[in-house]
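J.: sequence isn't available, so here's the structure alone:
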């Protein structure tokens, strides 16, 4: 293998869930450039030339199962990129329950064989999940689609913050059982990134940490800057990495935790559950 071949996806099939826009679209574009056969599942129109598009509504179990059947196997890398903001009906299904059902369906069908990898887009909002782990273990143990969605509603956790924490908890909890099957699973936790979803929630999402970025001389992330670590985690270059939630926020959380940027300390401690 040549030195940089481990970063490529030649001869491999990459499925991007939520790959029509934003970070998912950047990940699909990057995977295609890295030699992959790319399949994109989304409700929105897929405009990436060279990608196969499959319609998908993550809020509907039947739609997920039909999309998985239409995709077929094998899938060597599954990028779980879909996400919606607070106020969206079915948020708990779209941000977590639907992704998990899709993964379970593919595993049961043998579509994710040994050597494959799963990469989630979580969020810096999903940090601090460890403090809620015992509660999240309840929903992680519920395999029924509707029952799992109902759990979030009943526990008042059907929101962006808690569904992203659930993603991080799921990634950590699945590292060992999936590794036994030869499958790796990781996630990135992006900081503010300029996507259509973030633009629609600019005051909350893109203003967060703006003082830090201004003083550091950096801008909010581009979708492609998040696609790079996501694809890396699913490549052979990360073959010994699993169960990781990688924080891709230009160092904001670290600066807050260490106090090197004091105004970030309270927000960082809040996100990490250090009250």
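T.: On my side now, so go ahead. Model, not experiment: these values are computed from the prediction.

J.: now do the end-to-end distance for stretch 73-91.
T.: 28 Å (Cα to Cα, to the nearest Å).

J.: mind giving me the packing neighbours of the helix or strand of the chain with the lowest mean pLDDT?
T.: Every helix and strand of the chain was ranked by mean pLDDT, DSSP states H and E. The lowest is helix 202-205, at a mean of 78. Helices and strands in packing contact with helix 202-205 are not found; criterion 3 or more Cβ pairs under 8 Å, 6 or more residues apart in numbering; DSSP states H and E. Where you see a C-beta, it was placed from the backbone N, CA and C, and this is true even at glycine.

J.: check the secondary structure at residue 134 for me.
T.: helix (DSSP: H, G, I helix; E, B strand; the rest coil).

J.: tell me how many other residues surround it.
T.: Using other Cβ atoms under 10 Å, residue 134 has 8 neighbouring residues.

J.: and it, how far from residue 169?
T.: 10 Å (Cβ to Cβ, to the nearest Å).

J.: likewise residue 7?
T.: From residue 7 across to residue 169, the span is 29 Å (Cβ to Cβ).

J.: out of these two, which sits in the more crowded spot?
T.: residue 169 (23 against 14).

J.: average model confidence for the helix or strand harbouring that one?
T.: In this structure, residue 169 sits in helix 160-180 according to DSSP states H and E. The pLDDT scores in helix 160-180 average 97.

J.: and that helix, what's buried?
T.: Neighbour-count burial for helix 160-180, with 16 or more other Cβ atoms under 10 Å as criterion, is recorded at 160, 162-175, 178.

J.: now do the strands in the stretch 101-250 of the chain.
T.: Under the criterion DSSP state E, counting those that start in this stretch, the stretch 101-250 of the chain contains strands at 117-121, 184-190, 245-248.

J.: deepest of those strands, which one?
T.: strand 117-121 (a mean of 28; mean count of other Cβ atoms under 10 Å).

J.: for it, packing partners?
T.: Where contact means 3+ Cβ pairs under 8 Å, 6+ apart, strand 117-121 is packed against strand 77-80, helix 160-180, strand 184-190, helix 223-233.

J.: give me the most central residue, this protein.
T.: residue 121 (1.8 Å; Cα atoms, centre = their mean).

J.: I appreciate the help and will end here.
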